[in-house]
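J.: Structural data only, the sequence is not supplied:
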């Protein structure tokens, strides 16, 4: 079986209301996308939407309306992001969307409130791209390092970053192996945590950042990376896994396009080879015993990607950690995106509280 | 015909996706409300939602999570707001909802980012309630005075206020005659502008406010009040009518529950008497000739409440004003709520730009 057989077939396969609206897709755009008859219209719809926001953003900047300029360019970036989401079956169009997303965010960055400073971290033979944003008031600030997942990248955490800033935290969102900009250079791999450590090397000396108060949050697949990173680098003082898993034993039960996505970002074309690689690559039981800092885990019982079996593995793995707070939402879906307005502030609170103490 | 015949019959009559989501109703709550079979479930649904947010907010405050505490109490307030919306046919339940909305916002106010300071302005034999919120940085700040409409009050402008704050404007949102808290004391009347002037008397001397740079924005019915106020009180240096009308000649074409609402907040029970009162009360042609400050008008061609005929009257009335910017959106509905992510930043930009100059 080829990974090509795992492409999404319907708009509903991609459409995720809770996630998209919490991440900042405006409702009118969401409603128009939901009304599309054919999945083939999805990417062109978002490309057109992105171009409309880009034009609005450029006009606003020209008129001296910087705040709107920055926000509309970011809306353009986010529209490209959702346009290329799960579009693994047409790699060229997906990659074009990824590049546009990155470009538009870059142009938005200096105009955002707070401004996003692009930081490019040279690491071995590659470069880790990230954005540092600061809360109001004098520093040094505690800092939340933010990691995306299989299909979320540093450009998508803009709204979550605002939750952090309002609570006095700086944020540093970056793409690691297999994600966003880095995918082109480094595919999904077993040692994501080394990239996190390189990020800590780069941001700890910054005068704006309180190097004794750095925490990490990872979303979905990023939840694994966050736990792995916090277990293996003790400079991380707090950890949130916003959805997470322990191993890939439940791979075959995932939705088809999610499996296709995992195989794609691993650099494989064959599903069986990809599955083998993923199952060898992911095993948190190797490191979770070292996860000793305050750790929050948010899981939804109705998560079709990381099912309750994975939560059980994590509960066992975290049994040693008295400071672990495992939240299992009986009505939650993947990452509890359907409960965003309740779980997102909670995670930001957790980071703020544990990094203040 | 009694105004009682004008009660809404279906959930769709009240449900306004663009407005509710732009004003801050979380999508999961909106989706659950949309799925209600029977309008009778509407108010109880929102009451239950409000109580859930209230409990979340109180728990957050107890745990020291002030930012979440404030936001969740505000969500509770906004849920009460939408619960009682258009509920004119059961005045006691509507009034209970109004009181709860006010109470919850009061409790949220000190914890909001930026905090909302309650200001109670004694005026003649009544009191005008409002909230002052400040942007970051040292003052004195230019200030946007914000007015609600028939069914929007000072508690609902929280998200719009954030747009203003990010652009360096302070905000002062208040309830005038016929609105929110004031409805109980003073019904809809012809001289709203006198209440605006009382607000200016109260906020102009504040050291945080730059008294030479105060503008006004009114929404829907508030658009009329904003234009009237700016025409008659020259301390207002900028005016935005976010939807507006010139007179009540199109009253009979309005949706039934809107007519019922106008009659209710005017203190009438009989529709014909109410209509006569409203048609005598509203006539902007008396004052619009004095509206000489920079003025923006946002109208939607598909507005079923203030139809294009009203836009034409306003265009004629504003012909003398070289600085008037009349935006007529061909795809816009009432207040262009279906285009919130585009028109809301524009209005905030306009206020910021005209009050900076």
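T.: Sure thing, it's come through. Since the model is a prediction, treat every value here as computed from it, not as a measurement.
J.: Kindly report the residues of chain A close to chain B.
T.: A:17-18, A:21-22, A:26-29, A:31, A:56, A:60, A:63-65, A:67-68, A:71-72, A:75, A:113, A:136, A:163, A:166-167, A:338-342, A:345-346, A:348-349, A:352-353 (Cβ under 8 Å from any Cβ of the partner chain). (Each C-beta comes from the backbone N, C-alpha and C, glycine too.)
J.: any chance you could read off phi and psi for the closest residue to residue A:140 other than its chain neighbours?
T.: Of all residues not flanking residue A:140 in the chain, residue A:210 sits nearest, at 4.0 Å (Cβ to Cβ, 6 or more residues apart in numbering or on different chains). Per-residue torsions, residue A:210: phi -80, psi 100 (degrees, to the nearest 10).
J.: give me every residue that touches residue A:210.
T.: Applying Cβ atoms under 8 Å, 6 or more residues apart in numbering or on different chains to residue A:210 gives the contacts A:139, A:140, A:141, A:142, A:143.
J.: how far away is it from residue A:138?
T.: Going from residue A:210 to residue A:138 by Cβ to Cβ, to the nearest Å gives 11 Å.
J.: sorry, back to before: generate a markdown table for the contacts of residue A:210, with pLDDT as supplementary columns.
T.: Listed next are those as a markdown table, based on pLDDT from 0 to 100:
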| residue | pLDDT |
| --- | --- |
| A:139 | 93 |
| A:140 | 98 |
| A:141 | 98 |
| A:142 | 98 |
| A:143 | 98 |
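J.: Most neighbours among those, which one is it?
T.: residue A:143 (30 neighbours; other Cβ atoms under 10 Å in any protein chain shown).
J.: what residues are up against that one?
T.: A:169, A:170, A:171, A:172, A:203, A:209, A:210, A:213, A:214, A:215, A:355.
J.: The same query, at a cut-off of 6 Å, please.
T.: Residue A:143 sits next to A:170, A:172, A:209, A:214 when contact means Cβ atoms under 6 Å, 6 or more residues apart in numbering or on different chains.
J.: Tell me the secondary structure of the residue lying closest to the third one once chain neighbours are set aside, please.
T.: Using Cβ to Cβ, 6+ apart and skipping the chain neighbours, the partner closest in space to residue A:209 is residue A:143 (4.8 Å). Under the three-state scheme (DSSP: H, G, I helix; E, B strand; the rest coil), residue A:143 adopts strand.
J.: what bridges to residue A:143?
T.: On the basis of DSSP bridges, residue A:143 is bridged to residue A:170, residue A:214.
J.: which among the residues of chain A next to chain B end up buried?
T.: Neighbour counting by 16 or more other Cβ atoms under 10 Å in any protein chain shown classes A:17-18, A:21-22, A:26-29, A:56, A:60, A:65, A:67-68, A:71-72, A:75, A:113, A:163, A:166-167, A:338-342, A:345-346, A:348-349, A:352-353 among those as buried.
J.: Looking at those residues, which are in helices?
T.: A:17-18, A:21-22, A:27-29, A:56, A:60, A:67-68, A:71-72, A:75, A:163, A:166, A:340-342, A:345-346, A:348-349, A:352-353 (DSSP state H).
J.: Could I get the contacting residues of residue A:54?
T.: Residues near residue A:54 by Cβ under 6 Å, 6+ apart: residue A:76.
J.: quick one: residue A:263 from residue A:90, how far?
T.: Separation of residue A:263 from residue A:90 (Cβ to Cβ) stands at 15 Å.
J.: Between the two, which is the more surrounded one?
T.: Ranked by neighbour count (other Cβ under 10 Å), residue A:263 and residue A:90 place residue A:263 first, with 26 against 13.
J.: Name the nearest residue to the more buried one, ignoring sequence neighbours.
T.: Leaving aside its chain neighbours, residue A:263 sits nearest to residue A:274 (3.2 Å; criterion: Cβ to Cβ, 6+ apart).
J.: and what of residue A:224?
T.: Distances taken as Cβ to Cβ, 6+ apart place residue A:244 nearest to residue A:224, at 5.5 Å, with adjacent residues excluded.
J.: ranges for the strands of the stretch 51-200 of chain A?
T.: Secondary structure of the stretch 51-200 of chain A (DSSP state E, counting those that start in this stretch): strands located at A:117-123, A:126-133, A:141-147, A:170-174.
J.: just to revisit the earlier point, look at the residue nearest to residue A:263 and report its pLDDT.
T.: pLDDT recorded at residue A:274 is 97.
J.: Flag the shaky bits of chain A, pLDDT-wise.
T.: Judged by pLDDT under 70, chain A has its weakly predicted residues at A:1-5.
J.: Got the domain ranges for it?
T.: A:1-113, A:115-357 (automatic domain parsing).
J.: Correct me if wrong: residue A:204 contacts residue A:213.
T.: No. The pair residue A:204 and residue A:213 fails to qualify as a contact (Cβ atoms under 6 Å) at a distance of 10.6 Å.
J.: of these two, who's got more company?
T.: With neighbours defined as other Cβ under 10 Å, residue A:204 and residue A:213 compare such that residue A:213 has more, 20 against 14.
J.: Let me see the contact set for the closest residue in space to the more buried one that isn't next to it in sequence.
T.: The shortest distance from residue A:213 to any non-neighbouring residue, by Cβ to Cβ, 6+ apart, is to residue A:142 (3.6 Å). Residue A:142 makes contacts with A:169, A:210, A:213, A:355, as judged by Cβ under 6 Å, 6+ apart.
J.: How much space separates residue A:142 from chain B?
T.: 14 Å (Cβ to the nearest Cβ, to the nearest Å).
J.: ok, residue A:326 - how many residues close by?
T.: By other Cβ under 10 Å, 15 other residues sit near residue A:326.
J.: An error on my part: the question was meant for residue A:79.
T.: A count of neighbours around residue A:79, defined by other Cβ under 10 Å, yields 27.
J.: which one is it nearest to, not counting chain neighbours?
T.: Using Cβ to Cβ, 6+ apart and skipping residues adjacent in sequence, the residue nearest residue A:79 is residue A:50, 3.7 Å away.
J.: what about stretch A:110-126, start to end distance?
T.: End-to-end span of stretch A:110-126 (Cα to Cα, to the nearest Å): 24 Å.
J.: buried residues in it?
T.: For stretch A:110-126, a neighbour-count test (16+ other Cβ under 10 Å) marks A:111, A:112, A:113, A:116, A:119, A:121, A:123 as buried.
J.: so the second one makes contact with residue A:72?
T.: No. Contact status for residue A:112 versus residue A:72: not in contact, 11.1 Å apart, counting by Cβ under 6 Å.
J.: intersection of neighbour lists for the two?
T.: With contacts taken as Cβ under 6 Å, 6+ apart, residue A:112 and residue A:72 have no neighbour in common.
J.: how far away is the residue of chain A positioned farthest from its centre from residue B:297?
T.: Largest separation from the mean C-alpha position in chain A: residue A:63, at 33.1 Å (Cα atoms, centre = their mean). Plainly put, residue A:63 is 18 Å away from residue B:297 if you go by Cβ to Cβ.
J.: ok, which stretches of chain A are helices?
T.: Using DSSP H, the helices of chain A run over residues A:11-14, A:17-23, A:27-34, A:42-62, A:66-84, A:91-108, A:158-166, A:192-203, A:221-232, A:256-265, A:271-281, A:308-317, A:340-356.
J.: for these, which one sits closest to residue B:130?
T.: Of all those, helix A:158-166 sits nearest to residue B:130, with 23.5 Å by Cβ to Cβ.
J.: Quick one: residues contacting the residue of the stretch 1-150 of chain A found nearest chain B.
T.: Per Cβ to the nearest Cβ, residue A:26 is where the stretch 1-150 of chain A lies closest to chain B, at 3.8 Å. Shown in contact with residue A:26 (Cβ under 6 Å, 6+ apart): residue B:341.
J.: From residue B:342, how far out is it?
T.: Per Cβ to Cβ, residue A:26 is found 8 Å from residue B:342.
J.: which residues touch the residue in the stretch 251-357 of chain A positioned nearest to chain B?
T.: Proximity to chain B, evaluated over the stretch 251-357 of chain A using Cβ to the nearest Cβ, is greatest for residue A:341 at 3.8 Å. Residue A:341 is in contact with residue B:26, counting by Cβ under 6 Å, 6+ apart.
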